[in-house]
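**Student:** for reference, the sequence and a predicted model appear below.
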Amino acid sequence: MTAGIKVKQDPHQAVDILVRAFHDDPLMNWISPHPDFIRTFFTITLPVFLPGGLTYIDAQGRGAAAWLGPNRKLRWPASAANLWRMASVCGARGLYRFARSGLATARFHPSEPHYYLFLLGALPECQGQGIGSALISHVLRKCDDDFLPAYLENSKPENLAFYCGHGFEVMDEIRFAPGAPPVWLMWRQPRSMD
């Protein structure tokens, strides 16, 4: 395990970190401006990633990441209870936007084996201190060791340089609707160890 990183099977602290990290995310705020939407979304979705052991936080609780390993299918927790919870913080329009964004990202998701970075965030007061780099590097080393690519969807233009600096390249830019913010689909080829 990388120094300063610990695997966290209890998602509560990770959710708290990610809610603060994503407070100004253009896509999240486009889906629903409701103050409880982001927390509800992460509370429902983060447990999907826990069984793979690639959900972890910075040792000081300043940042969190959630990945899905290769050959693992993303299975959204679509139940009547979860849909009701989402509808209560999204309304009909937000629920439609949420469904539309999920279907679009699934359509563009690569089919070849890869590591999928679903979430990466640092607390606002800790951004720019190398926490994101430590968090992402933990699994990027696995990508290189396993000689497998990595993939992510980025919804903040400010993060493009960060991801490019870690070897990702923009494959495509999409929008879920004419008024939606852009989402950049990014891919990283594994780096040779020689």
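**Tutor:** Nice, I can see it. Numbers count the residues shown, from 1 in each chain.
**Student:** list the buried ones in the helix ranked longest in the chain?
**Tutor:** Under DSSP state H, the helix in the chain containing the largest number of residues is helix 80-108. Across helix 80-108, burial judged by 16 or more other Cβ atoms under 10 Å covers 83, 85-86, 89-90, 94-95, 97-99, 101-102, 104. Heads up, the C-betas are built off the backbone N, CA and C, glycines and all.
**Student:** what is that helix packed up against?
**Tutor:** Contacts defined by 3 or more Cβ pairs under 8 Å, 6 or more residues apart in numbering; DSSP states H and E place helix 80-108 against helix 26-31, helix 37-45, strand 169-174, strand 183-188.
**Student:** how many residues are close by the nearest residue to Gln189 once chain neighbours are set aside?
**Tutor:** Closest residue to Gln189 in three dimensions, ignoring its sequence neighbours and counting by Cβ to Cβ, 6 or more residues apart in numbering: Pro149, at 5.4 Å. Counted with other Cβ atoms under 10 Å, the burial measure for Pro149 works out to 19 neighbours.
**Student:** same thing with the one 5 residues further on?
**Tutor:** Neighbour count of Asn154, defined by other Cβ under 10 Å: 22.
**Student:** could you check how far it is from Ala161?
**Tutor:** 11 Å (Cβ to Cβ, to the nearest Å).
**Student:** find residues that contact each of those two.
**Tutor:** Residues touching both Asn154 and Ala161 do not exist when contact is defined as Cβ atoms under 8 Å, 6 or more residues apart in numbering.
**Student:** which ones are touching the spatially most central residue of the chain?
**Tutor:** For the chain, the residue nearest the mean C-alpha position is Leu119 (2.0 Å; Cα atoms, centre = their mean). Each residue near Leu119 by Cβ under 8 Å, 6+ apart is listed here: 18, 42, 46, 64-66.
**Student:** at 10 Å what do you get?
**Tutor:** Leu119 makes contact with 14, 17-18, 21-22, 42, 45-46, 49, 55, 64-67, 135, 152 under the criterion Cβ atoms under 10 Å, 6 or more residues apart in numbering.
**Student:** over to Leu160?
**Tutor:** Under the criterion of Cβ under 10 Å, 6+ apart, the contact partners of Leu160 comprise 154, 168, 170, 184, 186.
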